[in-house]
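# Here is the input, now give the coordinates:
(one chain, ligands or ions: 1)
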Amino acid sequence: MQGFNKYYPPDWDPSKGGLNKYQGKHALGDRARKIDKGILIVRFELPFNIWCGTCNNHIGMGVRYNAEKKKIGNYYSTPIYSFRCKCHLCDGWFEIQTDPKNTAYVVTEDTDKESGNAPPLDPLVALEKTTEAERLLNEVQKPRIESLQSVSEHYNADPYTLSTRVRKRFREDKKVEQKKRAADDTLKGRYGLPSELALVEDDDKAKEEAKEQWLKANQERALRESAKRRRISSEVISIPGSSSTSSSLSSSRATPKAGLSSASSKSNPLASLRARILQNTAAKHSSLAFGSISSGSSGLRKG
Ligand SMILES: [Zn+2]
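You can find the predicted model right below:
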């Protein structure tokens, strides 16, 4: 194991050199196991399709091998490397070398075995590719660049006018915004709203929505009030069942059915009943009693 970490064993001292040297390991670890033969093991990716010379299988471009990299010479001062890979489909080996003269790779024979060969390049296919690329360049790319250039020239021709126009519009927008903010602030001040509260945009849609909400709330309130009136009226009708009206509100609420039945049984003297109610209630809760009696009479007519 090479010294990855900063741990130095207790029996190490600087005179023994670096940690790797002390442990007898190379800094590159197992990849340098053939370093004494000038071979370093690297990950090598095939730059083109090849056919293995041993098993005759096709091996696609981009397949990666743990190749033995070795310097085999120089082209002027540039080193030439060879990469020796073992075919993953058989036991054969093949070798690929760099070619600095043509900035390419060449497949070379292995020393004692058959090697893979570069795929035959169809000249017609190559020609087709070049004509296709040329057509794309002339019909798509050139017009595109020209149109982009003309657009760019159009916008860069008179920067002063464009800038003036933009700044004028910005100023107008700013004025509108300031006016709106002032109006909002006065509104918030008037109703004591928190200053960070965002107000809704004052447009037709918001108005419409507010109107709908208002109508809805109004209807709900009307329903609630009518329900309350009905309840009070039923209580008022139950009152004549008991003797004293003012003190028996809770008892009549507890037995509203008995009161109702008694009222229906004594429904004959309706006029005298109403007169009694008026007399009893008008004295104390004049406004409440008035409302309950008027609705109470309508309730009686319905019943
Ligand atoms: Zn093979």
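
# Break down this structure into its strands, ranges please.
39-45, 50-51, 58-59, 64-75, 78-86, 93-99, 104-108 (DSSP state E).

# Which strands or helices does the second one pack on?
Right, the one you point to is strand 50-51. On a contact count with 3 or more C-beta pairs under 8 Å, 6 or more residues apart in numbering; DSSP states H and E, strand 50-51 meets strand 58-59. Where C-beta positions appear, they are placed from N, C-alpha and C, glycine not excepted.

# export the strands of the chain to TSV and tack on distance to the ion and mean pLDDT?
Formatted as TSV, the strands of the chain follow (distance: least, C-beta to the ion, whole Å; pLDDT from 0 to 100):
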stretch	distance to the ion	mean pLDDT
strand 39-45	16	94
strand 50-51	9	86
strand 58-59	8	86
strand 64-75	12	94
strand 78-86	9	94
strand 93-99	8	91
strand 104-108	13	87
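
# Generate JSON lines for the ones you listed, with distance to Y155 as supplementary columns.
Converted to JSON lines, the strands of the chain look like this (distance: least, C-beta to C-beta, whole Å):
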{"stretch": "strand 39-45", "distance to Y155": "45"}
{"stretch": "strand 50-51", "distance to Y155": "52"}
{"stretch": "strand 58-59", "distance to Y155": "53"}
{"stretch": "strand 64-75", "distance to Y155": "48"}
{"stretch": "strand 78-86", "distance to Y155": "48"}
{"stretch": "strand 93-99", "distance to Y155": "48"}
{"stretch": "strand 104-108", "distance to Y155": "45"}
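
# Give the closest residue to K101 in space, chain neighbours not counted.
Distance criterion C-beta to C-beta, 6 or more residues apart in numbering; nearest residue to K101, sequence neighbours excluded, is Y75 at 5.6 Å.

# Would you confirm that the one you found contacts P100?
Yes - judged on C-beta atoms under 8 Å, Y75 makes contact with P100 at a distance of 4.1 Å.

# residue boundaries of the helices in the stretch 51-200 of the chain?
Taking DSSP state H, counting those that start in this stretch to define them, one finds helices in the stretch 51-200 of the chain at 123-136, 142-156, 159-191.

# Check the gap between Y7 and A32 for me.
Distance of Y7 to A32, given as C-beta to C-beta, to the nearest Å: 21 Å.

# okay, the two: which has more neighbours?
Neighbours per residue, other C-beta atoms under 10 Å: of Y7 and A32, the larger number sits with A32, 15 against 8.

# ok now do that one, which residues does it touch?
Listed by C-beta atoms under 8 Å, 6 or more residues apart in numbering, the contact set of A32 reads H26, L40, I41.

# For the first one, grab the count of nearby residues.
H26 is surrounded by 15 other residues when neighbours are defined as other C-beta under 10 Å.

# Find the closest residue to the ion in the stretch 151-300 of the chain.
Scanning the stretch 151-300 of the chain for the residue nearest the ion gives S152, at 55.2 Å (criterion: C-beta to the ion).

# Check the burial of that residue by counting its neighbours.
Using other C-beta under 10 Å, the number of residues around S152 comes to 10.

# Next: I232.
Residue crowding around I232 was assessed by other C-beta under 10 Å; the count is 18.
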